[in-house]
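**Student:** got a predicted model here, sequence first, then my questions.
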Amino acid sequence: MSKIVHCIRHGQSTFNAHYAEFGVDPNHFDALLTELGHRQVAERAEDLRRHPYELVVTSPLTRAIQTTMGLFKDHPAAPPIQIECLHREHLGSSCDVGRAPALLRAEFPHLTFDHLDEIWWHNEGEPGENGFVVEPAPVLEERVGRFRDWLSARPESLIAVVGHGTFFHHLTGQMLRNCEVAILEL
């Protein structure tokens, strides 16, 4: 039996908007969606309503959770939402530094974060002048493989995964725009 995974990149974040305009990291740690990002999510939600998802998997970065909630809050299949940090974004910018599970739980009390470590984003090594540790490419590649294996082992046949551009590029070979969907068959 084949498994279909819809990889959905989050809506535009404050980091995305600032970087597009100025070309520099604005130090927006765990960036939020912009108003445009929320509109992108609302537009994509209508298209996704026709798919009978059995599971939604979202990154614990806030922009992904906000996207997930906007996409699936009124979805007719009412798929369960699971937080998974394996497909978090490649940590190369301030927006890719996450927040502690307690802070996420306070903002999104209907989701479960108890399985996450206190620091669930990449943090091995010495921080650079920007205040965070950049994730080495081999570490990202290994993580992409683990996530692919994790998806393959899931019992569901149709899964939505809400995540991030660089990670999805390594998983699917496609560079997605905000709220764009790539279909991965496993």
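**Tutor:** It's in. Numbers count the residues shown, from 1 in each chain.
**Student:** okay, strands next: where are they in this protein?
**Tutor:** Using DSSP state E, the strands found in the chain span residues 4-9, 55-58, 81-83, 158-163, 181-185.
**Student:** for these, which one sits closest to residue 35?
**Tutor:** Closest to residue 35 of the strands of the chain, according to C-beta to C-beta: strand 4-9, at 17.6 Å. Heads up, the C-betas are built off the backbone N, CA and C, glycines and all.
**Student:** buried ones in that closest one?
**Tutor:** By 16 or more other C-beta atoms under 10 Å, the buried positions in strand 4-9 come out as 5, 6, 7, 8, 9.
**Student:** want to throw those residues into JSON lines with distance to residue 119 and pLDDT?
**Tutor:** Listed next are the buried residues of strand 4-9 as JSON lines, based on distance: C-beta to C-beta, whole Å; pLDDT from 0 to 100:
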{"residue": "5", "distance to residue 119": "27", "pLDDT": "98"}
{"residue": "6", "distance to residue 119": "29", "pLDDT": "98"}
{"residue": "7", "distance to residue 119": "25", "pLDDT": "98"}
{"residue": "8", "distance to residue 119": "26", "pLDDT": "99"}
{"residue": "9", "distance to residue 119": "24", "pLDDT": "98"}
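**Student:** now, the most widely separated pair of those residues?
**Tutor:** Farthest pair in the buried residues of strand 4-9 (C-beta to C-beta) is 5 and 9. Separation: 13.3 Å.
**Student:** against residue 161, how distant is residue 142?
**Tutor:** Look at residue 142 and residue 161: by C-beta to C-beta, to the nearest Å, they are 18 Å apart.
**Student:** same question but for residue 122, I mixed them up
**Tutor:** Look at residue 122 and residue 161: by C-beta to C-beta, they are 19 Å apart.
**Student:** compare those two (neighbour count), which wins?
**Tutor:** residue 161 (27 against 22; other C-beta atoms under 10 Å).
**Student:** what pLDDT is listed against residue 97?
**Tutor:** If you check residue 97, the pLDDT there is 98.
**Student:** and the nearest residue to residue 11 once chain neighbours are set aside, what does it touch?
**Tutor:** Nearest-residue entry for residue 11: residue 37, 3.2 Å, with adjacent residues in sequence omitted and distances by C-beta to C-beta, 6 or more residues apart in numbering. With contacts taken as C-beta atoms under 8 Å, 6 or more residues apart in numbering, residue 37 has the following neighbours: 10, 11, 12, 13, 16, 63, 66, 67, 178, 179.
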